[in-house]
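Asker: Everything below, folded, please.
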Amino acid sequence: MIPQRVNLVDVGPRDGLQNEAQALSAATKIELVHRLQAAGLKDIEVTSFVSPKWVPQMADNAEVMAGITRQPGVRYAVLTPNMKGLEAALLSHPDEVVVFGAASETFSHKNINCSIAESLERFAPVVAAARAAGVAVRGAISCAVGCPFEGTVPAQAVGEVARSMRAMGVQHVGVADTIGVGTPRQVQAAMEAALAHYPIDAVSGHFHDTYGQALANTLAALHMGVWQFDTSVAGLGGCPYAKGATGNVATEDVVFMLRGMGIDTGIDLDALIDAGVFISQALGRSPVSRVATALLKKRAAA
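Answerer: Numbers count the residues shown, from 1 in each chain. Model (predicted):
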């Protein structure tokens, strides 16, 4: 069941930088998007249309979207948690909007100050309005295997959120190990719960690497036939509610693994590493990616 081709959605510009303490200029974010698409990424999560009061790192959302030189065949996604965010986002003409709901009640209250049911009710009109405007809608189920407050999250909870998202018109659902505690069988159980409501072509994995399990979890999902994954260039990001949580699995590491398995991604690994170096230097550090670290040392030695 392992797919011959995998599509990676780089969420570094949004999910990654949103969770970095240091705010970067719009020009730097635009350059990162340009470098990612030049490396072959066809799906990029660019920014969030959220209140700058809560997420100051994304206050330049409209400027970033306006500054991108769009390439044919590349899809540009933005996060829109409510109608106000969607209305602002639609002015920037995204190809896709992302809504999110947690599989953990406590995390939902901590993250967006409402219950799971209330969060779903809030973004139902967002989904309807986006679809009416001809914009694709992707949903993310956060804390799909583990929660920093509740511990292990039952797969049944993931299935309930997926069922609700499907019913309101969300076209694609991402199963997210937001704090990076999941292991392969847990991830497969969460995936199975989502697949009870969505076809395999409309489900993706989103795995953080806090406990070093993200590549193993990616492989476990691949064995189920899942062929779409969120990744983050240079391993950008984290989670503000889980101490020690790292960013999404590094795009470089996933590309290297898939290439070694003979699976096509259409991504130039060297150009991708250069993009990771660029954004890491802007943040004043080295890339988190293990593959980037190894290959950069190899370059230096040569």
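Asker: Val50: how many residues sit nearby?
Answerer: Using other Cβ atoms under 10 Å, Val50 is surrounded by 23 other residues. Where C-beta positions appear, they are placed from N, C-alpha and C, glycine not excepted.
Asker: Mind pulling up the pLDDT for it?
Answerer: At Val50, the model reports a pLDDT of 91.
Asker: Please apply the same query to the one 4 residues further on.
Answerer: The predicted local distance difference test score for Trp54 is 84.
Asker: Regarding it, what is its secondary structure?
Answerer: coil (DSSP: H, G, I helix; E, B strand; the rest coil).
Asker: Dihedrals phi and psi, it?
Answerer: Torsion angles at Trp54 (phi, psi; degrees, to the nearest 10) stand at phi -100, psi -30.
Asker: distance of it from Gly237?
Answerer: Distance, Trp54 to Gly237, using Cβ to Cβ, to the nearest Å: 17 Å.
Asker: higher neighbour count, the two?
Answerer: Each of Trp54 and Gly237 has its neighbours counted (other Cβ under 10 Å); Gly237 has more, 21 against 10.
Asker: any low-confidence regions in the stretch 151-300 of the chain?
Answerer: Applying pLDDT under 70 to the stretch 151-300 of the chain picks out residues 240-245.
Asker: Walking through the stretch 101-250 of the chain, point out its strands one by one.
Answerer: Assignment of strands within the stretch 101-250 of the chain using DSSP state E, counting those that start in this stretch yields the ranges 136-142, 146-147, 151-152, 172-177, 203-207, 228-231.
Asker: residues making contact with the third one?
Answerer: Yep, that's strand 151-152 we're talking about. 145-146, 186 (Cβ atoms under 8 Å, 6 or more residues apart in numbering).
Asker: With respect to Gly284, which of those residues is nearest?
Answerer: The closest of the contacts of strand 151-152 to Gly284 turns out to be Gly146 (Cβ to Cβ; 30.3 Å).
Asker: contacting residues around the closest residue to that closest one other than its chain neighbours?
Answerer: Of all residues not flanking Gly146 in the chain, Val181 sits nearest, at 3.7 Å (Cβ to Cβ, 6 or more residues apart in numbering). Contact partners of Val181, counting by Cβ under 8 Å, 6+ apart, are 145-146, 210-211, 213.
Asker: for Phe107, same thing?
Answerer: 142-143, 147-150, 178, 241.
Asker: just the buried members of these?
Answerer: Buried members of the contacts of Phe107, counted by 16 or more other Cβ atoms under 10 Å: 142-143, 147-148, 178, 241.
Asker: Turn the strands of the stretch 101-250 of the chain into a markdown table, columns for distance to Ala220.
Answerer: Shown next, in a markdown table, are the strands of the stretch 101-250 of the chain (distance: least, Cβ to Cβ, whole Å):
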| stretch | distance to Ala220 |
| --- | --- |
| strand 136-142 | 17 |
| strand 146-147 | 15 |
| strand 151-152 | 17 |
| strand 172-177 | 11 |
| strand 203-207 | 9 |
| strand 228-231 | 12 |
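Asker: Of all those strands, which one comes closest to Leu283?
Answerer: Using Cβ to Cβ as the measure, strand 228-231 is the one of those that comes nearest Leu283, at 17.5 Å.
Asker: This completes my enquiry, with thanks.
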